[in-house]
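Q: sequence first, then the predicted structure:
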Amino acid sequence: MRPALAAVAALATLSAVVPTGPTAYAASSAASSSDWRAAACAEDNRDGLALGAYTVAQSQQRRVKQIPTLTLTAQRLVFASGTRCDLISLDGSVPFGREVKGHGSSISVLGELVVGGMSQGEMEGSGSLTGVGGTEPIRGIRDVVLGAEVFTDVETGTMPDSTSLPESWRNQPYTFTHTRTGFTASVEGRTSKERTFAVTPATRAAAKRRLASALADADSAAERRDARRTYRLALEGVRLVMKRFRHEWTGELPG
C-alpha cells in the first residue's frame, strides 16, 4: 500500500490529506539528463514502479500573466509499463525589468477507494508540495520541473490489521482507481514601471556607484548586461520601480 494511501485510510476521511512534501526539484537535476521529463519522474518514483519509454497523453499550458514570456505546463506521461507520471513545469525567459523570485506546486492524485467491495468515495492517493525561492532572482528558467507524481491507474492490495483503521476495513482487500489529478502551480516575482526624475551630478554619481556595486556582485553576463542597462536609464533620468506579484494556476488532469 502506498504510504499516502495508507494515511488516507487511517484518517478514514473523504477530504484531501496533507501532502507528502515539501520537496524541491532542482533545475540541475533535469539538466543532468537528456530527457528532463523522464529524469523528474524517475526522481519521484518512490515505489520503484516500472518506467521506460513513454508518450505524452495530456498537456495543458498557461502563460504567466505578469511575465508572458514564461509558460507553465501540466503534462501526463504514460509509460509502456502502464505507469503514469503527472508533472508541472516552467519554461521561458525573463526580460529586463522583471524578476522571478520563487515557484512551486501542489499535486493531488485522486481516486475512488473501494474496501471490501464497498466504495469509500474519492480520496487522495498521493500528493506533493514543492517550492523554492529566496531574495535573489532565479535565472536560467528552462524546463524547470516544479513537481511530479508517479502512480498507476489502478492499485490493489490488502488493508493492514491496524487499530488506526475502521474495524470493517482491517485485512480487507482494497482497490484504488485513479479518477483525476488536481494541481496548483505558482510563480512569484517582481515587475517594474518606469519613473522619471531630474538628472543632476549627484544622481549621475550615485548611478555610477550602483553600477560598480552591481558589476562586482554579478555572477553572469546577463546580470552585468542588466546592470549596465539600468545605469544607462539612470543617466537619462529613468528609474525602475519594482512591484511584487504572485501568479497561480489551478487545474486538473482528468483520469
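A: The structure has been received and is ready for your questions. Numbers count the residues shown, from 1 in each chain.
Q: over to G140. Which of the three states is it?
A: For G140, the assignment made with DSSP: H, G, I helix; E, B strand; the rest coil gives coil.
Q: burial measure for it, as a count.
A: When neighbours are defined as other CB atoms under 10 Å, G140 has 12 of them. Glycine gets a C-beta too; all of them are placed from N, C-alpha and C.
Q: any idea how far T69 is from L146?
A: 17 Å (CB to CB, to the nearest Å).
Q: which of those two has more neighbours?
A: L146 (28 against 13).
Q: mind checking what helix or strand follows the helix ranked longest in the chain in sequence?
A: The longest helix of the chain (DSSP state H) is helix 201-217. Per DSSP states H and E, the first helix or strand lying C-terminal to helix 201-217 is helix 221-235.
Q: which non-adjacent residue is nearest R76?
A: Closest residue in space to R76, ignoring its immediate chain neighbours: Q58 at 4.1 Å, by CB to CB, 6 or more residues apart in numbering.
Q: my guess is that neighbour meets T73, correct?
A: No - contact criterion CB atoms under 8 Å: Q58 and T73 do not qualify, at 10.7 Å.
Q: neighbour count: those two, which is higher?
A: Per other CB under 10 Å, whichever of Q58 and T73 has more neighbours is T73, with 18 against 14.
Q: for the longest strand along the chain, name the packing helices and strands.
A: Of all the segments of type strand in the chain, defined by DSSP state E, the longest one is strand 173-196. If contacts are counted by 3 or more CB pairs under 8 Å, 6 or more residues apart in numbering; DSSP states H and E, strand 173-196 sits against strand 67-79, strand 84-92, strand 99-115, strand 118-133, strand 144-151, strand 154-158, strand 238-254.
Q: highest mean neighbour count out of these?
A: Most buried of those, by mean neighbour count (mean count of other CB atoms under 10 Å): strand 144-151, with a mean of 26.
Q: report the angle between it and strand 173-196.
A: Orientation note: strand 144-151 sits at an angle of 170 degrees relative to strand 173-196 (axes from the mean of the first three to the mean of the last three CA atoms, to 10 degrees).
Q: packing partners for strand 144-151?
A: Taking 3+ CB pairs under 8 Å, 6+ apart as the contact cut, strand 144-151 packs with helix 27-31, helix 36-44, strand 84-92, strand 99-115, strand 118-133, strand 173-196.
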